[in-house]
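Visitor: Need coordinates for the following:
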Amino acid sequence: RAFDQVAANRGAPLEANLKKVAELRQKPLAIARQLVRLAGLLHDIGHSCFSHAAETVIHDGIGHEGFTFKLVEETEFLGGLLDKLYFVGFASLLGKVLRGGPVMPPQLKVLKDLVSGEMDADRSDYLLRDSHHCGVEYGRFDHRRMIQCLDLNEADGGVLESACTETGFTPSRH
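Guide: Got it, this is the predicted structure:
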């Protein structure tokens, strides 16, 4: 939903930004949408039972994030299947979005932000889920309104990052 909102309001600059990544030149918005969806679904696949408490025992020093990257990128796990379903190199690209930082092309920062940033799907999901299951108000917020307010900001160097409008209505840009 968050990606669709940004693409609907700011599709042209988003598409122009994403086309700078070789793997996204042909269908930038369609491929980016799949990257965001899969990153959202798989970003915590390396988590084991008992969350962070079991990491030192189960993950042999690489932590749940390192295990997530391994599961997503390596061909003997999901990497081979992802490359077969999408295109060769898709698993590596997804891994870069999940990792962020210097391994990720800067044009993909906006995708990473939607999954794991300041106003992200991961945090939104666990705040709403945990408050619901714990029976408390803390963590409940209007996630639909937050999505409605999503926009893009051009940071230093022309890199796009997710932002939030004051009103939730993007002014017409001509």
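Visitor: Look up how far residue 9 lies from the most centrally placed residue in the chain.
Guide: In the chain, the centroid-proximal residue (CA atoms, centre = their mean) is residue 115; its distance is 2.8 Å. In this view, residue 115 and residue 9 are 19 Å apart by CB to CB, to the nearest Å. Every residue, glycine included, has its C-beta placed from N, CA and C.
Visitor: After the longest helix seen in the chain, heading C-terminal, what element do we hit next?
Guide: In terms of residue count, the longest helix belonging to the chain (DSSP state H) is helix 2-18. As assigned by DSSP states H and E, the chain's next helix or strand after helix 2-18 is helix 28-42.
Visitor: and that next one, what's its mean pLDDT?
Guide: Mean pLDDT, computed over helix 28-42, is 94.
Visitor: angle of that helix against helix 2-18?
Guide: With axes from the mean of the first three to the mean of the last three CA atoms, to 10 degrees applied, the angle from helix 28-42 to helix 2-18 works out at 130 degrees.
Visitor: Any regions of this protein where pLDDT drops low?
Guide: Applying pLDDT under 70 to the chain flags the ranges 48-61, 63-64, 117-132, 139-143, 147, 167-174.
Visitor: Could you give the number of residues near residue 148?
Guide: 18 (other CB atoms under 10 Å).
Visitor: Tell me the spacing between it and residue 72.
Guide: Distance, residue 148 to residue 72, using CB to CB: 30 Å.
Visitor: Residues contacting the helix or strand harbouring residue 81 from elsewhere in the structure, which ones?
Guide: Following DSSP H and E, one finds residue 81 within helix 79-85. Helix 79-85 is contacted by residues 38, 72-73, 75, 89-92, 94 when judged by CB atoms under 8 Å, 6 or more residues apart in numbering.
Visitor: Over to stretch 20-31?
Guide: With contact meaning CB under 8 Å, 6+ apart, stretch 20-31 is reached by 7, 11, 14-15, 18-19, 32, 86-87, 89-90, 93, 105, 107-108.
Visitor: so which pair among these is furthest apart in space?
Guide: Spatially, the most separated pair among the contacts of stretch 20-31 is 11 and 89, at 24.4 Å (CB to CB).
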